[in-house]
Every structure is written in C-alpha cells, then in structure tokens.
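Visitor: I'd like to go over a predicted model; first the sequence, then the structure.
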Amino acid sequence: MPNIIQITDFHAPELNLYARTSERQLLNRHEPEKGIFIAESPLVIERALDAGCRPVSVLMEHRHVDGRGKEILKRCGDVPVYTAEFNVLTQLTGFKLTRGMLCAMQRPALADAEEVCAAAKRIAVMENVMNPTNVGAIFRSAAALNMDGVLLTSACSNPLYRRAIRVSMGTVFQIPWAFLKGERTDVDYLHELGFQTAAMALNENSVNINNEKLLSEEKLAIILGTEGDGLAAETMDKSDYTVRIPMSHGVDSLNVAAASAVAFWELGKR
C-alpha cells in the first residue's frame with residue numbers, strides 16, 4: 001500500500017529534495033553512494049525502476065494516485081508519497097510538473113569504462129559536453145541509434161541531472177554509461193580497449209561520414225566535443241579518423257546533439 005501524505009506545509013523538510021535542493025547537492029560528490037536524482041513523468045520513472053533504481057519518495061498530483069500513477073506506486077513499496085492539487089504543486093516546485101509525477105531515487109552505483117565497453121562494438125564518447133539538454137539528447141540518440149554504450153569525460157554534465165534525464169526520456173537508464181577519469185578523452189585508453197576512434201570535427205584531414213573504411217571498422221568510438229569549441233586538438237590528433245558531416249547552404253556545423261544523431265545513424269549500421 002502506498003504511504004499517501006497530503007501536503008500541508010511547503011516548508012516540510014521531506015520536500016527539500018524537490019523544491020530546495022540543487023543538482024550539485026543531490027549529486028553529493030563527497031559521498032556519491034548517498035546521492036539522489038529526480039525522475040520526472042511516469043515513463044521515466046518506470047524506466048528507472050526497470051533499471052533497478054530504488055525510490056526514496058514520490059511527489060504527485062493527488063488525482064493520479066488512483067490514475068496513471070497507480071501501477072507505478074505499486075512498485076515503490078511503502079515510500080512516502082506526497083500529494084497535492086495541481087495549483088499547489090506548481091506553487092511548490094515553481095514549474096508545471098511533467099505529467100504530474102516526480103520520484104526521488106537513490107543514484108545507482110557507477111559502472112566503469114571497461115565494463116561498459118566489454119562487449120560493445122559502437123560507443124559514443126562525450127568530451128566536456130556541459131549542457132544537460134545536449135547530454136540528454138545525445139543519450140536518447142545513442143540508445144535509439146545502435147550505440148552500445150556511452151562514455152563521458154569528467155567535465156561533462158552529469159547524465160542524472162533532472163533536465164538530462166527528462167530530455168533523454170529515461171534512456172539514461174537503458175544504455176550503459178561511465179565516466180572517464182580526465183577532462184579530455186584518453187584516446188590511447190580507447191585504443192587499449194580495442195576501438196578505432198572517430199573524432200567528429202571539421203579540419204582539412206576530415207573524411208566524409210560515409211567513408212567506406214570508416215564504416216567497415218569492427219569496433220568504433222565516436223567522439224563528440226563540447227559546445228562551441230569542439231574537441232581538444234590532442235583528441236583530434238590522436239584519433240584514427242576525423243569525421244565531417246557534409247553541410248549545405250553555407251552552414252558550417254550542427255549542434256552537438258543534432259550531429260550525434262546523424263553520426264550514430266550512419267556509423268551505427270552493422
């Protein structure tokens with residue numbers, strides 16, 4: 001049975017996770033095993049539960065308790081379920097709830113890169129992608145377009161930030177991922193794991209994305225750079241390929257999230 005608690009006090013400490021705690025505080029860098037993330041919408045919450053994430057509490061519109069949230073609550077055990085009417089929740093959170101339901105969950109243990117790459121043929125690598133929206137969009141494309149895993153440098157926005165989760169539509173729970181140790185892509189390490197490396201970059205040595213030799217590589221790591229500045233020069237120099245997406249109408253490049261979808265679609269074919 002769900003433990004339903006009607007919200008009467010906006011300042012109740014139990015609601016701090018949803019209304020008064022920053023993403024950095026939720027992440028808890030000093031004790032990551034105690035970190036929390038917030039999943040929005042029934043679809044995303046279900047995907048997190050399917051991945052084995054453990055709920056801490058739920059915040060939802062009261063009308064959904066016996067509606068669209070009913071089956072999800074059955075899976076959440078006896079955790080507190082805070083409820084209120086729509087206008088009250090909007091006042092509490094400061095924004096319209098996505099489909100009327102949030103769930104605070106314990107952060108899962110992080111995988112390591114070798115574990116993610118063990119059986120992978122195609123992986124996406126993000127180098128210092130700092131916008132949570134872009135991180136979420138890249139995850140969604142990676143999951144949908146045949147990537148086997150995702151690696152991120154340490155300066156990337158965390159995939160379990162609320163906005164990244166929301167934009168990814170919960171695919172951050174469906175595709176394995178791990179952080180690399182440094183702020184730059186360790187191309188030598190990717191080579192040690194058996195991958196040829198394809199840096200998505202515009203330079204005079206770039207090959208077209210439909211290059212036959214590139215497409216024939218058995219194991220390929222597709223490296224995407226930070227917004228604006230792109231990839232580090234060292235990353236491009238050490239990569240086996242630098243790869244361009246042909247443009248028209250004088251456009252020089254795509255947003256990193258859009259470029260990722262094109263790259264994964266073309267290079268994910270096997």
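Guide: Arrived safely, thanks for sending.

Visitor: centre-most residue in the protein?
Guide: Nearest to the geometric centre of the chain sits residue 159, at 3.5 Å (C-alpha atoms, centre = their mean).

Visitor: so it sits right up against residue 168, yeah?
Guide: Yes. Contact criterion C-beta atoms under 8 Å: residue 159 and residue 168 qualify, at 7.3 Å. (C-beta placed from N, C-alpha, C; glycine too.)

Visitor: find residues that contact each of the two.
Guide: Taking C-beta atoms under 8 Å, 6 or more residues apart in numbering as the contact criterion, the common neighbours of residue 159 and residue 168 are 135, 136, 139.

Visitor: the strand or helix carrying the first one packs against which elements?
Guide: Element membership for residue 135, per DSSP states H and E: helix 132-144. When contacts are defined as 3 or more C-beta pairs under 8 Å, 6 or more residues apart in numbering; DSSP states H and E, helix 132-144 packs onto strand 122-126, strand 149-152, helix 162-168, helix 256-267.

Visitor: any idea which helix or strand comes after the least confident helix or strand in the chain by mean pLDDT?
Guide: Counting by mean pLDDT, DSSP states H and E, the chain has its least confident helix or strand at helix 86-93, which shows a mean of 68. Sequence order places strand 101-106 as the next helix or strand after helix 86-93, per DSSP H and E.

Visitor: by contact count, what packs against that following strand?
Guide: Using 3+ C-beta pairs under 8 Å, 6+ apart: strand 101-106 touches helix 16-19, strand 36-40, helix 42-50, strand 55-61.

Visitor: tell me the mean pLDDT over that strand?
Guide: For strand 101-106, mean pLDDT is 93.

Visitor: buried set for it?
Guide: By neighbour count with 16 or more other C-beta atoms under 10 Å, strand 101-106 contains the buried residues 101, 102, 103, 104, 105.

Visitor: I'd like the residues you listed as TSV, with distance to residue 118 appended.
Guide: Below are the buried residues of strand 101-106 laid out as TSV (distance: C-beta to C-beta, whole Å):
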residue	distance to residue 118
101	35
102	34
103	30
104	31
105	26
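
Visitor: and the two most separated of these?
Guide: 101 and 105 (12.6 Å; C-beta to C-beta).

Visitor: any low-confidence regions in the stretch 151-270 of the chain?
Guide: Counting by pLDDT under 70, the stretch 151-270 of the chain contains low-confidence ranges at 270.

Visitor: which residue ranges form the strands in it?
Guide: In the stretch 151-270 of the chain, the strands defined using DSSP state E, counting those that start in this stretch lie at 177-179, 196-200, 207-208, 220-224, 241-244.

Visitor: please name the strands paired to the first one in the sheet, noting orientation.
Guide: Strand 177-179 has the following sheet partners, assigned by DSSP bridges: strand 149-152 (parallel).
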